[in-house]
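1. Below are the sequence and a predicted model; questions follow.
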Amino acid sequence: MGLEIRNLTKRYGDTIAVNDISVSLPKGQVLGLLGRNGAGKTTTIKMMLGLVQPDNGEILWNGKPFRRDGLSIGYLPEERGLYPKSKIAEQLRYFGQLEGMNRKLANERIEYWLEKFEMIEYKNKLASELSKGNQQKIQVIATLLHDPEIIILDEPFSGLDPVNATMLGTVIEELVEQNKTIILSSHRMESIELFCENVCMMKQGRIEVSGKLQKVKDDYGYKNLRITSELPLAPVFHKFNMPFEQNGTVYTAKVHNENEGMDIINAAAEAGIQLQNFSLLEPTLHQIFVERVG
Ligand SMILES: Nc1ncnc2c1ncn2[C@@H]1O[C@H](COP(=O)(O)OP(=O)(O)OP(=O)(O)O)[C@@H](O)[C@H]1O
């Protein structure tokens, strides 16, 4: 049970923004939606929210049509959507009431979230008086205020400094622990790696890679061999015709498996090169992204 996107397609004139994509996301899990600018992520999200009508395909939640009015959804759009001349608490209360919250509950939740995001002193300020990052935090609060079951976050870290990004990261972690179903669209690969059990990489409207993050990494076919050596290692890599990168005393190369890595280590030992350390690391999502959709 959960989200099921089937053969979804959207055209704008000659542009196929979303081209026959199918994705499923079990309830209570997190999906990282990735892709370069213009890949079709926002269009996909907008079709889920009923803001854009698909030309083809369907979106289901627990086997029934995914309808915004019948479900509790929190949506953080990429673009800002606050009323510049309205006080923060007032507009948050308004957003909460739109989602069916009574005034008392809305006030309690507003206090809770403003405290959590260290924003309580901005309660009676106008949105236009807030910095870009602080406006973003208010929008995140507006998204989460009614405790939605499904949360869609389009570039949530946009405009946040590292401290605020960490603060939001902690909140997302808590939402994951609460088994919320989350779609996180972001260009920040490290955030996707941190929070998302499932990933979907889009390229020109199509799905290029999708599935469990761990499986995507396992299927990539390479691991990263990282060696620290005071002595030059280039001759060893050359012996195996293996491309490598050198950054000071740190050498990295892509190997297919552990044995291939050990061949390099053994060859270095045979050449009398004492290594400071070596490790075999999983590919990063960034690496997979650059190769597959970059
Ligand atoms: N309303 C529209 N009218 C015409 N073309 C559109 C419209 N909305 C999106 N497109 C086009 O559809 C394609 C997908 O756009 P979309 O905004 O979904 O990409 P995205 O992956 O969200 O990109 P970004 O990372 O830049 O937000 C792009 O080629 C875009 O120009």
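-> All right, it came through fine.

2. Would you enumerate the residues in contact with residue 182?
-> With C-beta atoms under 8 Å, 6 or more residues apart in numbering as the criterion, the residues that contact residue 182 are 29-31, 150-153, 172, 175-176, 195. Every C-beta, even on glycine, is put in place using the N, C-alpha and C of the backbone.

3. Regarding it, what is its secondary structure?
-> The three-state label for residue 182, taken from DSSP: H, G, I helix; E, B strand; the rest coil, comes out as strand.

4. Low-confidence bits of the stretch 51-200 of the chain, can you list those?
-> Along the stretch 51-200 of the chain, segments meeting pLDDT under 70 are nowhere present.

5. so of the contacts of residue 182, which ones are in strands?
-> 30-31, 150-153 (DSSP state E).

6. quick revisit: go back to the contacts of residue 182 and keep what's next to the ligand.
-> Judged by C-beta under 6 Å from any ligand atom, the overlap between these and the neighbourhood of the ligand is nil.

7. Find the helix or strand that residue 4 is a member of.
-> Element membership of residue 4 [criterion: DSSP states H and E] is strand 2-12.

8. Which residues does the helix or strand just after that strand contact?
-> Next in sequence after strand 2-12, counting helices and strands by DSSP H and E, comes strand 15-26. With C-beta under 8 Å, 6+ apart as the contact definition, strand 15-26 has outside contacts at 1-11, 31, 40, 43-44, 47, 54, 56-57, 181, 183, 198, 200, 202, 204-207, 210.

9. next one: stretch 273-284
-> Counting by C-beta under 8 Å, 6+ apart, 189, 193, 217, 220, 222-231, 233, 236, 249, 255, 258, 261, 265, 268-269 sit against stretch 273-284.

10. List buried residues within the residues you listed.
-> Buried subset of the contacts of stretch 273-284 (neighbour count, 16 or more other C-beta atoms under 10 Å): 189, 193, 217, 220, 222-227, 229, 233, 236, 255, 261, 265, 268.

11. Contacts only, for the residue most central in space within the chain.
-> Here the mean C-alpha position of the chain is nearest to the C-alpha of residue 192 (C-alpha atoms, centre = their mean), at a distance of 3.7 Å. Neighbour list for residue 192: 32, 34, 184, 186, 199, 213, 285 [criterion: C-beta under 8 Å, 6+ apart].

12. Look up how far residue 149 lies from residue 209.
-> 27 Å (C-beta to C-beta, to the nearest Å).

13. which one of those two has more residues nearby?
-> Neighbours around residue 209 and residue 149, counted as other C-beta atoms under 10 Å, are more numerous at residue 209. The numbers are 19 against 16.

14. any idea which element that one lies in?
-> Using DSSP H and E, residue 209 falls within strand 206-212.

15. swap in residue 202?
-> Assigned by DSSP H and E, residue 202 belongs to strand 198-203.

16. what residues does that strand touch?
-> By C-beta under 8 Å, 6+ apart, the list of residues contacting strand 198-203 from outside reads 21, 23, 25, 29-36, 39-41, 44, 192, 207-213, 216, 285, 288-289, 292-293.

17. can you pull out the helices in this protein?
-> Taking DSSP state H to define them, one finds helices in the chain at 41-48, 88-98, 103-116, 132-144, 162-177, 189-195, 213-219, 234-239, 258-270, 285-292.

18. Put together JSON lines for the ones you listed, with distance to residue 16 on each row.
-> Output for these, formatted as JSON lines (distance: least, C-beta to C-beta, whole Å):
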{"stretch": "helix 41-48", "distance to residue 16": "10"}
{"stretch": "helix 88-98", "distance to residue 16": "34"}
{"stretch": "helix 103-116", "distance to residue 16": "39"}
{"stretch": "helix 132-144", "distance to residue 16": "29"}
{"stretch": "helix 162-177", "distance to residue 16": "31"}
{"stretch": "helix 189-195", "distance to residue 16": "25"}
{"stretch": "helix 213-219", "distance to residue 16": "24"}
{"stretch": "helix 234-239", "distance to residue 16": "43"}
{"stretch": "helix 258-270", "distance to residue 16": "40"}
{"stretch": "helix 285-292", "distance to residue 16": "19"}
